[in-house]
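Student: Based on what follows, work out the 3D shape:
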Amino acid sequence: MSITDCQTCGGRHCWYWHEAFAKFGFGDGDGQVETDTVAEVLIEAGYAVQTRQWGLHNTVIVSIKQDGAELIPHADIRFGYDDPSGYLPEALVALLNKAFPSDEHPYWLF
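Tutor: Numbers count the residues shown, from 1 in each chain. Presented below is the predicted three-dimensional model:
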């Protein structure tokens with residue numbers, strides 16, 4: 001899990017990169033949303049990334065492209081509900097796991 005400073009209280013804010021792909025991530029969007037932090041890592045690695053606010057819920061990553069090819073297989077998944085480490089390419093999951101290391105997996109999200 002990643003730990004950042006809470007923008008409200010200055011305390012510890014714990015989160016997982018997976019939440020940037022989950023409808024109910026980051027406290028259903030009521031918590032400190034770190035989707036842009038995840039997107040920045042992907043952009044710095046050379047991917048084209050699009051994010052979108054999902055109604056009143058979380059802001060999510062909706063598109064990741066490499067050389068014009070979409071890497072989120074929307075036709076094969078329940079976007080926002082399925083675990084992104086199960087559908088993103090292994091290299092992408094490895095990149096995110098390295099950037100945001102964790103000893104556990106947030107199974108409760110999915």
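Student: Please report phi then psi for the closest residue to residue 25 other than its chain neighbours.
Tutor: Closest residue to residue 25 apart from its sequence neighbours, by C-beta to C-beta, 6 or more residues apart in numbering: residue 19 at 2.9 Å. In this view, the C-beta of every residue, glycine as well, is placed from N, C-alpha and C. Dihedral angles of residue 19 (phi, psi; degrees, to the nearest 10) stand at phi -60, psi -20.
Student: Quickly note the distance from residue 73 to residue 92.
Tutor: Computed with C-beta to C-beta, to the nearest Å, the distance linking residue 73 and residue 92 is 12 Å.
Student: my bad, should have said residue 43
Tutor: 13 Å.
Student: who's more crowded, those two?
Tutor: Each of residue 43 and residue 92 has its neighbours counted (other C-beta atoms under 10 Å); residue 92 has more, 19 against 13.
Student: Tell me how far the closest residue to residue 88 other than its chain neighbours lies from residue 89.
Tutor: Closest residue in space to residue 88, ignoring its immediate chain neighbours: residue 71 at 6.5 Å, by C-beta to C-beta, 6+ apart. The gap separating residue 71 from residue 89 is 6 Å, by C-beta to C-beta.
Student: Could you check which of those two has the larger neighbour count?
Tutor: Per other C-beta under 10 Å, whichever of residue 71 and residue 89 has more neighbours is residue 71, with 17 against 13.
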